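Novice: Dropping the sequence and predicted coords here.
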Amino acid sequence: SLVTAQMVQEPRSTGYGLGASLVVSGLCLLPGGVTMVLLSPVSARISAKHGPRTSLALASAVIAAGYGVRYFTSHSLWLIVAGATVVAAGTAIAYSALPALVMRGVPVGETGAANGLNTLMRSVGQAFCSAAVAAVLANMTFVAAGRTAPT
């Protein structure tokens with residue numbers, strides 16, 4: 001989602017940007033957010049029927065498919081939105097399955113602490129990822145039409 005916003009907003013002179021506004025960039029992420037809300041109960045049903053390991057495996061496949069779509073279709077706004085939405089769908093399934101996996105793997109008296117640690121580590125991972133992406137984008141640049149942009 002960090003690269004989605006960047007890609008949509010970068011000027012066309014970069015060779016990869018779509019030159020859209022900040023509002024359009026935000027709206028590109030909206031379908032993914034709605035999809036995440038709608039898929040949470042679906043993921044719970046998948047986990048209840050087939051187990052959270054199956055849900056997590058399915059989530060991994062969906063996320064990989066979404067990034068595959070994004071890799072090959074980055075010059076079309078609607079396909080970027082579709083790919084980001086597919087990635088969000090996989091993320092929703094994974095985020096719903098993880099607490100169930102954690103609860104199955106620890107003693108009953110430790111489930112609260114284990115799920116708290118799971119949530120904390122996801123937050124740490126997201127913060128680290130944001131910093132890493134920002135560092136990479138800031139250090140790999142070129143000049144296009146008199147403006148510095150990530151490569």
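Specialist: Yes, it's here. Residues are numbered from 1 along each chain as shown.
Novice: need the helices for the chain, in chain order.
Specialist: 2-9, 22-50, 52-72, 77-105, 111-139 (DSSP state H).
Novice: List the buried residues for the last one?
Specialist: So that's helix 111-139. Using 16 or more other C-beta atoms under 10 Å as the burial criterion, the residues of helix 111-139 that qualify are 114, 115, 118. Placement of C-beta: from N, CA and C, glycine included.
Novice: Point me to the residue sitting farthest from the middle of this structure.
Specialist: Relative to the centre of the chain, the most outlying C-alpha is that of residue 109, 32.0 Å out, by C-alpha atoms, centre = their mean.
Novice: What's the separation between that residue and residue 121?
Specialist: For residue 109, the distance to residue 121 equals 20 Å [C-beta to C-beta, to the nearest Å].
Novice: One more: residue 80?
Specialist: Counting by C-beta to C-beta, the gap from residue 80 to residue 121 is 29 Å.
Novice: Provide a list of residues in contact with residue 61.
Specialist: Residues counted as contacts of residue 61 (C-beta atoms under 8 Å, 6 or more residues apart in numbering) are residue 90.
Novice: For it, report the pLDDT, please.
Specialist: Per-residue pLDDT puts residue 61 at 97.
Novice: so how many other residues sit close to residue 93?
Specialist: Neighbour count for residue 93, taken as other C-beta atoms under 10 Å: 28.
Novice: Number of residues surrounding the closest residue to it other than its chain neighbours?
Specialist: In this structure, residue 93 finds its nearest non-sequential neighbour in residue 59, 3.8 Å apart by C-beta to C-beta, 6 or more residues apart in numbering. The local packing of residue 59 (other C-beta under 10 Å) involves 24 other residues.
Novice: list the contacts for residue 59?
Specialist: Contacts of residue 59 (C-beta under 8 Å, 6+ apart): 43, 90, 91, 92, 93, 94, 97.
Novice: For the second one, grab the count of nearby residues.
Specialist: It refers to residue 90. Residues near residue 90, counting by other C-beta under 10 Å, number 25.
Novice: try the third one
Specialist: Taking other C-beta under 10 Å as the neighbour definition, residue 91 ends up with a count of 19.
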